[in-house]
Every structure is written in structure tokens, then in C-alpha cells.
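# The following block contains a protein sequence and its predicted model.
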Amino acid sequence: MQGIVIKSTGSSYMVRSDNTVFLCRLKGKIRLEGRKTTNPIAVGDVVDFELEDNNEANITKIHPRKNYIIRKSINLSKQSQIIASNLDQAVLIATLVSPRTSLGFIDRFLITAEAYRIPAKIIFNKCDLLNEELMEIQKKTIDIYKKIGYECYEVSSYDPKQIKALQDLFKDKLTLIAGHSGVGKSTFINALEPTLTIKTGEISAAHAKGMHTTTFAELHPLSFGGDIIDSPGIKELGLVEMKKEEIGHYFPEIRDRMNGCKFNNCIHVNEPKCAIIEAVKTGEISEERYISYLGILSGEEMDWKAWEL
């Protein structure tokens, strides 16, 4: 039998096949087959499985992934974790307040999606909490991302009309929803699909950060067509499988201009006749995104000054 993994707890897996869900386990032989990630199977994986007499099932094959979103493991720095696989798109939920999403984090998410050719979009949530000054900052941020080709949306998850207007964005697609804890991922999904009752959490007043409520990634069907994956809140998004000289290829505005650089191995920091540095000087590439690029090159989190209020 063949199905799609809809939930992984590390030791067992829920697999959906023909609208029936089976509890499956992974055979040890497959678990050890040269895997460099902490989770050999991820939500979104297509697998083959065999039913046993005890109503359980064993996974016998993991089909090749067309793509995946990956991050460094928190517990094992040398290993990485696959958040979800076989995606049609990845949607990042971001917020300016309660908690604030850093632009460095957004950029790391976008280049991870670019690296695996996954279309990425950004939804700015909690717009009902923004004052005039914050709305202006959000508008500036959206303009920067739209200029380089990313679709951006502004919503309040408590406004049913705004959420319903986004249904076509998710219809008939497998979508990963990601973001920091507390940005309202689960609330947004519950509003998008009212038949779901995913647990939502409170914001820590002391640190204005979200409390983890989603422990494992889980795939949910949408009544209007498609599936959505609710993922645990990501505190940090460490980049993996990426060399320094490759990073510029995942910034669309850098990728489009890098052939204009004098040197083929230019990494756009202080090289002479660099088309990217010139584009930053003329405003063709935003200074904020370039600062973010330099931060990723150096392995440091460099936040945009636009967010310092």
C-alpha cells in the first residue's frame, strides 16, 4: 500500500491512504540507510507500507522527495531536521508585534525555499494590532519583497473575510505554514479551515514570545481542496547544505545581476567592479536585503534597521 505521511512523532507515523489513516512504524534497516537528518521520515513523504496482523503497519519504502524544507537540529548541531517535504509552496507567517519577526529570519526562510525550488509567500498577520507607524514600516517591508517577486499579504486571523479571500492561495496545493512561535500559525489555519480545532497558545508577557503549542508537524486536509502542514514554531533557522559562494544565487535580485560582476567567484563583499555593490549604491537592490545577505555570509543574525523603532 502507498500513502502520504501526515504526522511524525519520531517513533511512529500516521499515514493517509485513500482517506484512511494508518499507524505505521519504520523498519530499522531503512532508519539507518545513510540518513544525515534527525528524522528519516518527514510529513509530506510518500511511503509504501505493509499491514500486519495486529492492525499496525510497517513502512517498507520512502519514495524520493521532489523537495523539502530543512533546518539545523537544535539538539545536534551537526545534524539537520526536515520540516516537511514534497511541497507545492511554503508560506511564512510573520508579525511586527507579539512577537516581532526579524527580517533576517524571513530572508533565511526565503533562501531555504529558493534553494529547493519551493515557491514562497509571506503573510503578515496581526494587522489589527498595528498603529500608524507600524503600518508604514510593514508597507515598506512589503514593497521590498514585492519588488523582488515575492507575494505578500496582510491579514488579521480574526477577520473571516480576510482569511476567506486567501482560500484560492491554498486550494489544491500542499502548503507548509511556518514561522516563529506565537505569530498565529494555528489560529490562521483554524480560521482558514473552520472544521479544524488546532490548539493555540498564549504569548509570554515577559518576553513577548510565543509558547510552543504545536509539537510535531502535522498535515491537515482542506475542505475546499488541498492540504496544509502546521509546523512547530521555529526559533532559529540555521542554513544547511549551502556554501558561501552559493548564497547569492538564492537572492533573486543578486542572482539576476551577478553575471555583471568582473570576477566569476565574486561573493559581493568588497571585490572591485561588483555589479551587486553598484546596484546597492544606486538603490536597485535594497540596502536592507544586502545587509541581510552579509549577515548570512558571516553566520550572524543582522536585523534590518527599519525594525528599530
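Noted; the coordinates are in hand. It should be emphasised that the depicted structure is a prediction, and the values quoted were computed from it without experimental measurement.

# To what extent is residue 261 buried, counted in neighbours?
Per other C-beta atoms under 10 Å, the neighbour tally for residue 261 reads 21. For every residue, glycine as well, the C-beta is placed using N, CA and C.

# And the pLDDT at it?
Per-residue pLDDT puts residue 261 at 96.

# residue contacts, it?
If you count contacts by C-beta atoms under 8 Å, 6 or more residues apart in numbering, residue 261 has them with 268, 271, 273, 274, 275, 276.

# distance of it from residue 194?
Distance from residue 261 to residue 194, counting by C-beta to C-beta, to the nearest Å: 51 Å.

# Residue 226 too?
Residue 226 is 15 Å from residue 194, by C-beta to C-beta.

# quick one, helices of the stretch 101-250 of the chain?
103-115, 132-147, 160-164, 167-170, 185-192, 244-247 (DSSP state H, counting those that start in this stretch).

# can I get the ones you listed in a markdown table with mean pLDDT?
Compiled in a markdown table, the helices of the stretch 101-250 of the chain are given as follows (pLDDT from 0 to 100):
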| stretch | mean pLDDT |
| --- | --- |
| helix 103-115 | 90 |
| helix 132-147 | 95 |
| helix 160-164 | 91 |
| helix 167-170 | 96 |
| helix 185-192 | 92 |
| helix 244-247 | 87 |
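
# want to throw these into a markdown table with distance to residue 67?
Output for these, formatted as a markdown table (distance: least, C-beta to C-beta, whole Å):
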| stretch | distance to residue 67 |
| --- | --- |
| helix 103-115 | 9 |
| helix 132-147 | 21 |
| helix 160-164 | 27 |
| helix 167-170 | 18 |
| helix 185-192 | 20 |
| helix 244-247 | 17 |
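
# which residues of the stretch 151-300 of the chain score low on pLDDT?
199-215, 234-241, 300 (pLDDT under 70).

# let's go with 80 and repeat that
By pLDDT under 80, the low-scoring segments of the stretch 151-300 of the chain are 197-216, 233-242, 299-300.

# Can you name the residues bridging to the residue most central in space within the chain?
With distances taken as C-alpha atoms, centre = their mean, residue 178 lies nearest the centre of the chain, 4.5 Å away. In this entry, residue 178 is beta-bridged to residue 92, by DSSP bridges.

# got the contact list for it?
Residue 178 makes contact with 69, 83, 90, 91, 92, 93, 109, 185, 231, 234 under the criterion C-beta under 8 Å, 6+ apart.

# beta partners of residue 230?
residue 177, residue 218.

# so how far is residue 253 from it?
From residue 230 across to residue 253, the span is 31 Å (C-beta to C-beta).

# cool, residue 273 as well?
Residue 273 is 18 Å from residue 253, by C-beta to C-beta.

# Those two: who's more crowded?
residue 253 (21 against 11).

# Now for the more buried one, which secondary structure element holds it?
helix 252-255 (DSSP states H and E).

# Apart from its chain neighbours, what residue comes closest to residue 46?
The shortest distance from residue 46 to any non-neighbouring residue, by C-beta to C-beta, 6 or more residues apart in numbering, is to residue 63 (4.1 Å).

# how's this protein carved up into domains?
Using automatic domain parsing, the domains assigned to the chain come out as 2-62, 68-230, 244-307.

# Out of those domains, which one sits most buried?
Of the domains of the chain, the one with the most neighbours on average (mean count of other C-beta atoms under 10 Å) is domain 68-230, at a mean of 18.
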